[in-house]
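Student: for reference, the sequence and a predicted model appear below.
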Amino acid sequence: AVVSTQSTGEAKELIDYINEAQRTGNISSPIFTDRRRIHEAAAVLNKIHLVTLDLPEKEGKDFSKLNSVFKSITSRLESELQTEFETSLHFYNEKDHIEKMQRCAATLNTPCFNAYKSIVNNFIAIRLKSPFYTDDTFSEVKKCIDETSLIVMQVFPDHDQIMTRFIRDMFDKQVYQKVKISLDAECFSHPERYPPAKLKHNLMTLSDLYSRAIKLASEDLAKYDNDISFANDLKRKVFASYLCNYRKAELEYLTKSSEELLGEFYSLINHDKKEQADAIQMHIKNVKSRLHTLRENISASSTNLNEQAEMPNGQLLSFNVTTSLLEIHSKAVDRCTLLAEIKERSEILREIAMSLLNHFVKDHLEYAIDFYTAHRPPTDSKNEPLIGDFLTTVGNASVTYHTLEKCFNDTILPSITNTEVQSEVRKIRQTEMRRVEEKISSEINHCINIIISWIKVLLKSKQEKDDFLSDVGVQSPTRACVEVCRFLSSCVVGTLNGPIDGENLQHVMIEIGVRFHGALLDHLMGYQYNVVGAMQLIQDVHKYSATVKRFKDPFVDELFEALNKLCNLLVVPPDQLIEFWNLGSLAHIEHGFLVQFVKLRADYRKNNIQSKLPSFGTHVRA
């Protein structure tokens, strides 16, 4: 009954307003003139609006005055509500103003008012003008979005749609302007006109702006709108003019920056690098020819001739150049993965890989190996070979090779996995790397040949014919032994440690140890030994053994231990030879060789030692 009475009263009140407006062309009720009751008046207008909608069409012509009155009141109330909303917007941090904005928005979002869209538009426009207090556009945009979201969620009923629109407008206005003033479009359309530093700056800036824009859009817009096309819109509207020329700019930068880096390095060490492959080969041939002429015309007394006179000032391989080239191309891979269109991404990655192989392998690593190959000491040198720089280059080349290999495995190859260029890049990389590996291996072998050749020269030139036939008591190792051990200790072990390390060093030391053992044994087989001479030989072998212990390889130690025991066959009385024949490591040596070695004894014929040797059948080899 109460509800019915209340409804009846409201209906009577509405009819009174309608009659008054129809009769006088005005409504005198204070509810429509008191601004404090603006929301109450708006509620009444909405009810009147609903009532007038139900009026019969034939009677509508009788309510023109009524429509005019209510249209005027509606317009005035809309204006007052908009003013109150926008005034409160400037004080959005205060709770009561947020409540005012909320009430104004709710009131205007009713059937009889048309200004709701207008206040939304004005709200977005005002928020877009929010001042930025730092140069970090993306942080400021993020901050503005977060602040705006707090307002929108409290004020507007359709908050998600409004935030979606605001974020899009914010990107169009702020992010686009940031990109426009931060990037030089000419750098991308005509990269050949710009130096590498300028290209690098623009590429890095584009990558940074694009990644931050996409991240911000995906994080913030996803809260309000699941439309994944926005990222594509962002590319098209903001970054399109740069992304369409990205490939050209990136490849131009890789070429220019790599050439500049290498050029600065060679200039720093005062090295005139020949740019063309034909020029390099001609240079190598000329160097070889000059070195050959020098060796033919020098005096034998010129013992200090530096056969590496044309070596460059400094090493041709640089750790800084290596890391810089790898970093340049690794970052290019990252940018390509981010910026390139999927349809052309794999092809750009292939070109980045080719750039790395060309500039790093051919123009730096392989060039250094080839250049030092032309300047390396010859194996038939008449002077002690200077292998320090040569070994350093070989060692650096090996380290550089493995660094490049790791970069390819960690960065390049994963980026092209399951793409149409994967097989091609792998094949080219394997070809290039195999060629470098073969050259490094060849140079290491040549280095070993130089070392063994010089050891042979020392043994032949320093070993006296009667060193092992003297009747003077043994006092010290022979001159040949001293010179060889000095060379091995200082010029080989001391030089190898550092340039070559790890497993490579161990393999090299084993090879040198084994070949030195063979060369020494061949050398010793050319002499005869009396008892005193045999003792001299044993002392020499002890020094050789102590020297090769620095090689730190058990197998090499075993070889020289066996050589020491072999030397005992030269000093034991003839009647005791058979006791030593099958003793320890000698049991593993071929019977025929043992016989040949025993024949080196000066008393071999005099004491008819042949008759005292065991037969072949009694010598058992393991």
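Tutor: The structure has been received and is ready for your questions.

Student: ok, for the residue nearest the centre of the chain, nearest residue in space, not its chain neighbours?
Tutor: Closest to where the C-alpha atoms of the chain average out (CA atoms, centre = their mean) is residue 330, at 3.7 Å. Counting by CB to CB, 6 or more residues apart in numbering, residue 411 is the residue found nearest to residue 330 once chain neighbours are left out, at 4.9 Å. All C-beta atoms are positioned from the backbone trio N, CA, C, and that covers glycine.

Student: my guess is the one you found contacts residue 331. True?
Tutor: No - taking CB atoms under 8 Å as the definition, residue 411 is not a contact partner of residue 331, at 9.5 Å.

Student: neighbour count: those two, which is higher?
Tutor: Neighbour totals were compared for residue 411 and residue 331, and residue 411 leads with 19 against 15 (other CB atoms under 10 Å).

Student: what's the helix or strand for the residue nearest to the centre of the chain?
Tutor: Per DSSP states H and E, residue 330 falls inside helix 319-339.

Student: which residues sit against that helix?
Tutor: 203-204, 206-207, 210-211, 243, 246, 250, 253-254, 257-258, 261-262, 265, 345, 348-349, 352, 355-356, 359-360, 364, 396, 400, 403-404, 407, 411-412, 415 (CB atoms under 8 Å, 6 or more residues apart in numbering).

Student: contact partners for residue 85?
Tutor: Contacts for residue 85 (CB under 8 Å, 6+ apart) come out as 100, 101, 104, 105, 108, 119, 122, 123.

Student: all helices of the stretch 151-300 of the chain, in order?
Tutor: For the stretch 151-300 of the chain, the helices defined by DSSP state H, counting those that start in this stretch cover 159-170, 176-182, 185-189, 196-221, 229-234, 240-243, 246-268, 277-297.

Student: phi first, then psi, for residue 111.
Tutor: Residue 111 adopts backbone torsions of phi -60, psi -40, taken as degrees, to the nearest 10.

Student: tell me the contacts of it?
Tutor: By CB under 8 Å, 6+ apart, the contact list for residue 111 reads 46, 49, 50.

Student: try it again with 6 Å
Tutor: Residues in contact with residue 111 (CB atoms under 6 Å, 6 or more residues apart in numbering) are residue 49.

Student: could you do the one 5 residues further on as well?
Tutor: By CB under 6 Å, 6+ apart, the contact list for residue 116 reads 108, 109.

Student: quick check: it vs residue 428, distance?
Tutor: According to CB to CB, to the nearest Å, residue 116 and residue 428 sit 64 Å apart.

Student: next: residue 380.
Tutor: From residue 380 to residue 428 the distance is 38 Å (CB to CB).

Student: which of these two has more neighbours?
Tutor: residue 428 (15 against 10).

Student: OK, contacts around that one?
Tutor: Not one residue lies near residue 428 by CB under 6 Å, 6+ apart.

Student: what strand or helix carries it?
Tutor: Following DSSP H and E, one finds residue 428 within helix 422-462.

Student: coming back round to it: pick the one among the contacts of residue 85 closest to residue 553.
Tutor: Set against residue 553, the nearest of the contacts of residue 85 by CB to CB is residue 123 (81.6 Å).

Student: ok but the closest one is inside a helix, no?
Tutor: Yes - assigned with DSSP: H, G, I helix; E, B strand; the rest coil, residue 123 falls within a helix.

Student: okay, now it: neighbour count?
Tutor: 23.

Student: residue 383 and residue 390: what is the separation?
Tutor: Remark: distance between residue 383 and residue 390 (CB to CB) = 14 Å.

Student: the two: who's more crowded?
Tutor: A count of neighbours by other CB under 10 Å puts residue 390 above the other of residue 383 and residue 390, at 23 against 17.

Student: ok, and the closest non-adjacent residue to that one?
Tutor: Leaving out its chain neighbours, the residue that sits closest to residue 390 by CB to CB, 6+ apart is residue 376, at 5.1 Å.

Student: pLDDT-wise, which helix or strand of this protein ranks last?
Tutor: Least confident helix or strand, the chain: helix 277-297 with a mean of 50, by mean pLDDT, DSSP states H and E.

Student: re the thing from before, wait, the residue nearest to residue 390 touches residue 389, no?
Tutor: No - the criterion here is CB atoms under 6 Å, and residue 376 misses it with residue 389 at 9.3 Å.

Student: tell me which of these two has more neighbours.
Tutor: residue 376 (24 against 19).
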